[in-house]
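Trainee: Show me how the following folds:
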Amino acid sequence: MLDGTRRGPGRDDHDLCVRAAWLHYGAGMTQSEVAARLGVPSLKAHRLIAKANKEGLVRISIEGDIIECVRLEEKMRARFALQFCEVCPDLDDELLPVQTLSLAGSRFLRLAFENGEEKVIGFGHGRTLAACVNMLPKMNVRDLKLVSLLGGLTRRYSTTPFDVIHRLAERTGAQNYVLPLPFYANSVEDRAVFLEQRGVAAIMQMGIEATLRVVGIGTMQTEATILSTGMIEQHEFDAAVRAGGTGEILGHIFSLHGKLIENDISARTLSMSAADIGKQKTVAIAGGRSKVNAIKAVLASGLVYGVIIDERTAKALTA
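Mentor: Reported below is the predicted structural model:
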């Protein structure tokens, strides 16, 4: 489905984007054929189609169940006591199947925004969630409240490239509430000071009470996002791994068998407590060969309501 309803400045360029997308996705034309039809250079046609995707003008909807995925969903629910599970068919063979997860994740988000059942939805951050948000079409859900579930600043107070709350606000027009805090405080004492700041406690409580939370799952391997983005220092990361840390969700780290690693890091996490994660519907969007053990660790904790996952990872987890 192509959304061509936007009005305002740049309308001509917008119309050209929509027309290029219609010809490419609707009529099945190649990019060179689109260029010829529109009378523009091939490079221009490529950029128009790419822009249509980036701005959420293109929606891909495929209806129908894949029986193997349905079987895997049943196995996942039974294995990890999940209330919800969506297994999506593999589209790519990458360590992190971003294309697969972003298509399924963006569809889940769009339906959650449109059905109006949730008044407040909380969000974590990460590469996969950012990809899901990038796939969302432009929407108008101004009565919805979106809230950050954890701080989005690194230890050096730069913003993480995978924070999603601002992107969501741009796509949906929803009210957004941000925690202007680091991911981890420098000390337990600093954490207490941060939480005493005006407005911070209220936003934190809003996230705890959000009736739906959408989060990612982080690995504790060398490519971990919390390490590469500077959320955590190398020596802190190494200490958590030595303690058995395998998977991370909302800053809390779990062992392979789902036990919370209660150490200095856990005490400094600027998010809800681990116990609070299980008090409302928390849905994780995660997958990839490098994250099998991380996902197993978090799901084994029993705190997650549901998961959206790729077929290959689901097979590995239920083998």
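Trainee: what about the strands in the stretch 101-250 of the chain?
Mentor: Taking DSSP state E, counting those that start in this stretch, the strands of the stretch 101-250 of the chain run over residues 120-123, 145-148, 175-177, 212-215, 218-219, 247-249.
Trainee: Mind giving me the packing neighbours of the second one?
Mentor: The one in question is strand 145-148. strand 120-123, helix 165-172, strand 175-177, helix 200-209 (3 or more C-beta pairs under 8 Å, 6 or more residues apart in numbering; DSSP states H and E). (Each C-beta comes from the backbone N, C-alpha and C, glycine too.)
Trainee: what do you get for the first one?
Mentor: Packed against strand 120-123, as judged by 3+ C-beta pairs under 8 Å, 6+ apart, are the following elements: strand 145-148, helix 200-209, strand 212-215.
Trainee: Which residues outside the first one are in contact with it?
Mentor: Around strand 145-148, the neighbours that count as contacts under C-beta atoms under 8 Å, 6 or more residues apart in numbering are 119-123, 125, 163, 165, 168-169, 172, 174-179, 203, 206-207, 210.
Trainee: Drop anything exposed from those residues.
Mentor: 120-123, 125, 163, 165, 168, 172, 174, 176-177, 179, 203, 206-207, 210 (16 or more other C-beta atoms under 10 Å).
Trainee: re the thing from before, export the helices and strands packed on strand 145-148 as a markdown table, with columns for distance to residue 312 and mean pLDDT.
Mentor: Output for those, formatted as a markdown table (distance: least, C-beta to C-beta, whole Å; pLDDT from 0 to 100):
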| stretch | distance to residue 312 | mean pLDDT |
| --- | --- | --- |
| strand 120-123 | 26 | 97 |
| helix 165-172 | 27 | 89 |
| strand 175-177 | 34 | 92 |
| helix 200-209 | 32 | 94 |
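Trainee: Can you lay out the ones you listed as JSON lines showing distance to residue 111?
Mentor: As requested, the helices and strands packed on strand 145-148 are exported to JSON lines (distance: least, C-beta to C-beta, whole Å):
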{"stretch": "strand 120-123", "distance to residue 111": "12"}
{"stretch": "helix 165-172", "distance to residue 111": "13"}
{"stretch": "strand 175-177", "distance to residue 111": "20"}
{"stretch": "helix 200-209", "distance to residue 111": "21"}
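Trainee: Which of the ones you listed sits closest to residue 15?
Mentor: Between residue 15 and these, the tightest spacing by C-beta to C-beta is seen for helix 165-172, at 20.1 Å.
Trainee: if we look at that closest one, which residues are touching it?
Mentor: Counting by C-beta under 8 Å, 6+ apart, 56, 113, 123, 125, 130, 133-134, 136-141, 144, 146-148, 152, 174-178 sit against helix 165-172.
Trainee: what's the closest of the strands of the stretch 101-250 of the chain to residue 291?
Mentor: strand 218-219 (5.1 Å).
Trainee: Give the pairing partners of that closest one; include direction for each.
Mentor: Counting by DSSP bridges, the strands paired with strand 218-219 are strand 247-249 (antiparallel).
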